[in-house]
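Colleague: Fold the following, please.
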Amino acid sequence: MAHIVILGAGIGGIASAYEMHDLKRAQDKITVISNSDHFQFTPSNPWVAVRWRKPDDISVAMGPVFKDKGIDFISTGARRVYPDSNEIELNDDSRVVYDYLIIASGPRLAFDEIEGLGPEGHTASVCTTDHAADAAQRWDKFVAAPGPIVVGAVQAASCFGPAYEFAFILDADLRKRKIRDKVPMTFVTSEPYIGHLGLGGVGDSKGMMESELRNHHINWICNAKVSKVEADKMYVSEYDENGNEKKQHELPFKYSMMLPAFTGIDAVRDVEGLANPRGFIVIDEFQRNPKYPNVYGVGVCVAIAPPVATPVPTGVPKTGYMIETMAYAAAANICATLDGKEATAKASWDAICLADMGDTGIAFVASPQIPPRNVNWMKKGKWVHLGKVAFEKYYLRKVRKGITESVYEKYILKTLGIEKLKS
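Modeller: Numbers count the residues shown, from 1 in each chain. Coordinates of the predicted model:
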């Protein structure tokens, strides 16, 4: 019997657990460790922040689901991973021993790297559903007494799509309330240009996203570093394409949401050979850690180097489709190893995204996600907004029922009219 432990119960952890359950031998045991007893559908957090959704609408209690599938579940969270002894220390001081470990923990949110950033400071966040609920309370106060808004992503951020989504969602909500004319908006991003997305752009994303920002009367600052945030002011340095400081901005705001940089979680940071200097899990082409081959990495927690250095540091995003293929590859390779075979499964490096814009949306496909690409397009339409709403319901239903199928591949690719993407 082998004990396979999965650290994390987000999109990557759920996919890993379900795939592992379906592929494992009858005698093998699966345990999922999380710091929460609920799965929360992160892509819907921007809707929670403007009260288009309630937190309960996008949450699933995972204890009963895992129990039905015969998967053990621990929701006390992990304090430290000890790969030399194949142990995980939990926050209640107990330890779990594993034969194989899939780390799918998601990131640590590095608000502390910038003074005044984050929910404990002066800016809102949509990174977690709890953060989005807090952002909704801030939004209630804001719409009662509107003023300037600053939205975006700070230096070293690797997740830009939700920042664009949230800017357009706020715009749509303000228009519905008939107060958009009272709210100047500025988009601040570390990207070298609008629509870069950490991917070097997708299709005509630069032209399309610049046009959308103009049409929605949203100003922007690129190549931006946020130095600090005060209660009503953000200090931003703008750089040129050579990395030289170009201009200093002091941006007043009454409401702000800035996506932070990510690091690896505390439980794996500083574990030599397991994580890189930022705490992300180092993996090979089969999702395995080179030093500890019985440890696998899946999702946002894995290390992916940016393809090209940018004047202000930007990271590489990991989208849902890619994360699901990572989960399958990790599970398949563990099972192959247990059967005495070589690991052969590899994740897809394709990026597929439905980005909501409040009452319309933009879809993009990048295959592979790093240029040059075989498929490279971006399209806009109300169908994207409607598709994302339907996808949310579809995805949550699959999580509740414990169904393994790749919902990104079977739903989004079908919606986009693409049978199969091949890098």
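Colleague: what's the closest non-adjacent residue to residue 269?
Modeller: Nearest non-adjacent residue to residue 269, counting by C-beta to C-beta, 6 or more residues apart in numbering: residue 279, 3.7 Å away. For every residue, glycine as well, the C-beta is placed using N, CA and C.
Colleague: quick one: that neighbour from residue 95, how far?
Modeller: Using C-beta to C-beta, to the nearest Å, residue 279 is found at 21 Å from residue 95.
Colleague: neighbour-wise, which of these two wins?
Modeller: Using other C-beta atoms under 10 Å, the more surrounded residue of residue 279 and residue 95 is residue 279, with 22 against 13.
Colleague: In this structure the more buried one contacts residue 261, no?
Modeller: No - with contacts counted by C-beta atoms under 8 Å, residue 279 stays clear of residue 261, the gap being 11.2 Å.
Colleague: The nearest residue to residue 349 once chain neighbours are set aside: how many residues sit nearby?
Modeller: In this structure, residue 349 finds its nearest non-sequential neighbour in residue 368, 4.1 Å apart by C-beta to C-beta, 6+ apart. Residue 368 has 19 neighbouring residues, counting by other C-beta under 10 Å.
Colleague: from what I can see residue 368 touches residue 350, true?
Modeller: Yes - between residue 368 and residue 350 there is a contact under C-beta under 8 Å: 6.0 Å.
Colleague: Next one: residue 371, what pLDDT does it get?
Modeller: At residue 371, the pLDDT value in this model is 86.
Colleague: Could you check the pLDDT of the residue nearest to residue 269?
Modeller: What the model reports for residue 279 is a pLDDT of 97.
Colleague: What of residue 351?
Modeller: What the model reports for residue 351 is a pLDDT of 84.
Colleague: Quick check: closest non-adjacent residue to it.
Modeller: Residue 351 sits nearest to residue 369 (C-beta to C-beta, 6+ apart), 3.7 Å away.
Colleague: swap in residue 375?
Modeller: Here the nearest residue to residue 375 in space, its sequence neighbours aside, is residue 367; by C-beta to C-beta, 6+ apart that works out to 3.9 Å.
Colleague: And for residue 183?
Modeller: Nearest to residue 183 is residue 146, by C-beta to C-beta, 6+ apart, at 5.1 Å.
Colleague: Please apply the same query to residue 208.
Modeller: Residue nearest to residue 208 in three dimensions, not counting chain neighbours: residue 378, with 6.0 Å by C-beta to C-beta, 6+ apart.
Colleague: now do residue 276
Modeller: Using C-beta to C-beta, 6+ apart and skipping the chain neighbours, the partner closest in space to residue 276 is residue 303 (4.8 Å).
Colleague: quick one, what contacts the residue nearest to residue 351?
Modeller: Residues in contact with residue 369 (C-beta atoms under 8 Å, 6 or more residues apart in numbering) are 199, 316, 319, 322, 349-351.
Colleague: residue boundaries of the helices in the stretch 301-423 of the chain?
Modeller: Per DSSP state H, counting those that start in this stretch, the stretch 301-423 of the chain carries helices over the ranges 320-338, 382-401, 407, 413-416.
Colleague: before we move on, what SS does the closest residue to residue 311 other than its chain neighbours have?
Modeller: With sequence-adjacent residues excluded and distances taken as C-beta to C-beta, 6+ apart, residue 311 is closest to residue 243, at 4.3 Å. Three-state call for residue 243 (DSSP: H, G, I helix; E, B strand; the rest coil): coil.
Colleague: Just give me the neighbour total for the residue nearest to residue 375.
Modeller: Neighbours of residue 367 (other C-beta under 10 Å): 19.
Colleague: ok, it touching residue 325?
Modeller: No - look at residue 367 against residue 325 with C-beta under 8 Å: they stay out of range, at 11.9 Å.
Colleague: Tell me the residues that contact both of the two, please.
Modeller: Common neighbours of residue 367 and residue 325 (C-beta under 8 Å, 6+ apart) are residue 350.
Colleague: Which strand or helix spans residue 170?
Modeller: Assigned by DSSP states H and E, residue 170 belongs to helix 161-176.
Colleague: residue ranges with poor pLDDT in the stretch 301-423 of the chain?
Modeller: Scanning the stretch 301-423 of the chain with the threshold set as pLDDT under 70 gives 405-423.
Colleague: and the gap between the residue lying closest to residue 354 once chain neighbours are set aside and residue 130?
Modeller: Spatial nearest neighbour of residue 354, excluding adjacent residues (C-beta to C-beta, 6+ apart): residue 388 at 4.4 Å. Going from residue 388 to residue 130 by C-beta to C-beta gives 22 Å.
Colleague: Looking at these two, which one has more neighbours?
Modeller: Each of residue 388 and residue 130 has its neighbours counted (other C-beta under 10 Å); residue 388 has more, 22 against 15.
Colleague: separation between that one and residue 1?
Modeller: As judged by C-beta to C-beta, residue 388 and residue 1 stand 42 Å apart.
Colleague: Also residue 231?
Modeller: Noted for residue 231: a distance of 56 Å to residue 1, by C-beta to C-beta.
Colleague: what does residue 99 give?
Modeller: Distance, residue 99 to residue 1, by C-beta to C-beta: 8 Å.
Colleague: Please say which of those two ends up with more neighbours.
Modeller: Neighbours were counted for residue 99 and for residue 1 using other C-beta under 10 Å; residue 99 has more, 16 against 9.
Colleague: Tell me, what's the model's pLDDT at the more buried one?
Modeller: pLDDT recorded at residue 99 is 98.
Colleague: quick one: the helices in the stretch 1-150 of the chain?
Modeller: For the stretch 1-150 of the chain, applying DSSP H, counting those that start in this stretch gives helices covering 11-23, 45-49, 62-68, 129-144.
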